[in-house]
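In: Any chance you can model this:
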Amino acid sequence: MIKTFLLPVLLLFNFIFIHGQEVVPLDTVHLKINSNSFMFEQFKGEETMYFKGGTVGLKDVSFLNGTIEYDIYITEDRGFPGVYFRITEDNSEQFYIRPHQSGNPDANQATPVTNGLANWQFYFGPKYSFPHKYNFNTWTHVKIVVNDRRAQVFLDHSETPHLSWQLFHEPKAGGISFSGGLFRGFHIANIKIDHQTPMIENFTPGTRKPIENVIGEWTVSDKFEEKELDNLDNIDALIARLKWNKKIYAEEGVAANIARVVKLDGDVPGNTVIAKLTITSDKDQIKLFDFGYSDRVVAFLNNKPVYKGTNGFRTRDYRYLGTIGLFDAVYLDLKKGKNTLMLAVSEDFGGWLVTGRFMDTEGLKIK
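Out: Below is the predicted model:
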């Protein structure tokens, strides 16, 4: 009698844990669903969950190292189906695909989420994405292998990785969730989590060319509402009340990530900070300053406005991504002695970023 009772229990256990691999049942018992539109259904020969927008998290899963596998059935519509892993409070690692960019260099994306903000406008290019033609009439298999600070992605049961990248946060166990879909949604099936630490082979991460003479360090204010910049007669009072106790540093020799030290969404309102430099000039002179930002900026030299610009998603044309780069420049009328350059940077989404350089630094000391 006891043996008869135990047999189905053991079979169930073997179904859920196969060689250390956890097969996640698609139901509300095992999934934490934060989506306004979802259903469980048989689709294309698989037990699936369909959802549109929001996230679907795995309950009671703590993931540090191992393998994440799943199948998705996608359409050509614009969407970003993907996975977050090592979720701890407001930080995580993320990989997602862009079906509407099938075959293009940005057909997918590896990026960190820092203080709740995904930073794909910084982490772009062949170091963090790869061209891939997706099949829209069958399942796409996604496999992500994680070991310490290294990760790889394999699509469609490939034996060699499509992308190898260094993870962005210190290794710390955290949750797993899936997201994406937008207007049409997508189906997901066969979610499997293996907690055994894998061997990482053929690990060949891409490289990125640093910006020559990039500013390495900025002082950053606390945040405030962008609308306070509408009346520049009050700029002195705004600057006087701000606190200046944060530092940000250029990463990969390209740009500094404001989200490292300031949380965009939170209890304190505001979407703008000021990134500040002190420039000591040995004489009165004009110097060209190349810079970049995301998403909007107002630049001040010695508390006087000298530039205003926009570099957000789709602000310059319908395919413009708002990625960071030295796309803007201003001639600065520096006075002998100390000068203060301030960039008031406002953010919507995609990366809260600032960068800059003086190619000609003769006669300048920059702090």
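
In: Just say helix, strand or coil for Lys308.
Out: Recorded secondary structure, Lys308: strand (DSSP: H, G, I helix; E, B strand; the rest coil).

In: I'd guessed it sits against Phe300; true?
Out: No. Checked against Cβ atoms under 8 Å, the pair Lys308 and Phe300 is beyond contact range at 10.3 Å. Where you see a C-beta, it was placed from the backbone N, CA and C, and this is true even at glycine.

In: With neighbour numbers in mind, choose between those two.
Out: Neighbour count, other Cβ atoms under 10 Å: between Lys308 and Phe300, Phe300 has more, with 20 against 12.

In: pretty sure Phe349 contacts Phe313?
Out: Yes. Counting by Cβ under 8 Å, Phe313 is a contact partner of Phe349 at 7.4 Å.

In: Give me the common contacts of the two.
Out: Asp295 (Cβ atoms under 8 Å, 6 or more residues apart in numbering).

In: Now tell me which helix or strand of the chain has the poorest mean pLDDT.
Out: When the helices and strands of the chain are scored by mean pLDDT, DSSP states H and E, helix 2-16 comes last with a mean of 40.

In: Which residue ranges of the stretch 51-200 of the chain form strands?
Out: Under the criterion DSSP state E, counting those that start in this stretch, strands of the stretch 51-200 of the chain are mapped to 55-58, 66-73, 82-88, 91-97, 108-114, 117-118, 140-147, 150-155, 163-166, 175-179, 186-194.

In: buried stuff in the next helix or strand after the last one?
Out: Once strand 186-194 ends, the next helix or strand along the chain (criterion: DSSP states H and E) is strand 217-220. Taking 16 or more other Cβ atoms under 10 Å as the basis for neighbour counts, the residues of strand 217-220 that come out buried are Trp218, Thr219, Val220.

In: Kindly report the same for stretch 358-367.
Out: Taking 16+ other Cβ under 10 Å as the neighbour-count basis, stretch 358-367 is seen to contain the buried residues Phe358, Ile366.

In: how long is that stretch end to end?
Out: In stretch 358-367, first residue to last residue: 13 Å (Cα to Cα, to the nearest Å).

In: Sketch out the low-pLDDT regions of the stretch 251-367 of the chain for me.
Out: For the stretch 251-367 of the chain, no stretch has pLDDT under 70.

In: Contacts only, for Phe186.
Out: Here Phe186 is in contact with Tyr50, Phe51, Lys52, Ile72, Tyr73, Ile74, Thr75, Gly79, Pro81, Gly180 (Cβ under 8 Å, 6+ apart).

In: now swap in Lys143 and tell me
Out: Thr67, Ile68, Glu69, Val153, Phe154, Leu155, His157.

In: How far does stretch 59-66 sit from its chain's centre?
Out: Distance, stretch centre to chain centre, for stretch 59-66: 20 Å (Cα atoms, centre = their mean, to the nearest Å).

In: That stretch - what's its average pLDDT?
Out: Here stretch 59-66 scores 96 as its mean pLDDT.

In: Pull out the buried positions in that stretch.
Out: Val61, Phe63, Asn65, Gly66.

In: Adding distance to His195, write these out as a markdown table.
Out: Shown next, in a markdown table, are the buried residues of stretch 59-66 (distance: Cβ to Cβ, whole Å):
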| residue | distance to His195 |
| --- | --- |
| Val61 | 9 |
| Phe63 | 7 |
| Asn65 | 7 |
| Gly66 | 5 |
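
In: and which of these is nearest Glu22?
Out: The nearest member of the buried residues of stretch 59-66 to Glu22, counting by Cβ to Cβ, is Val61 at 7.8 Å.
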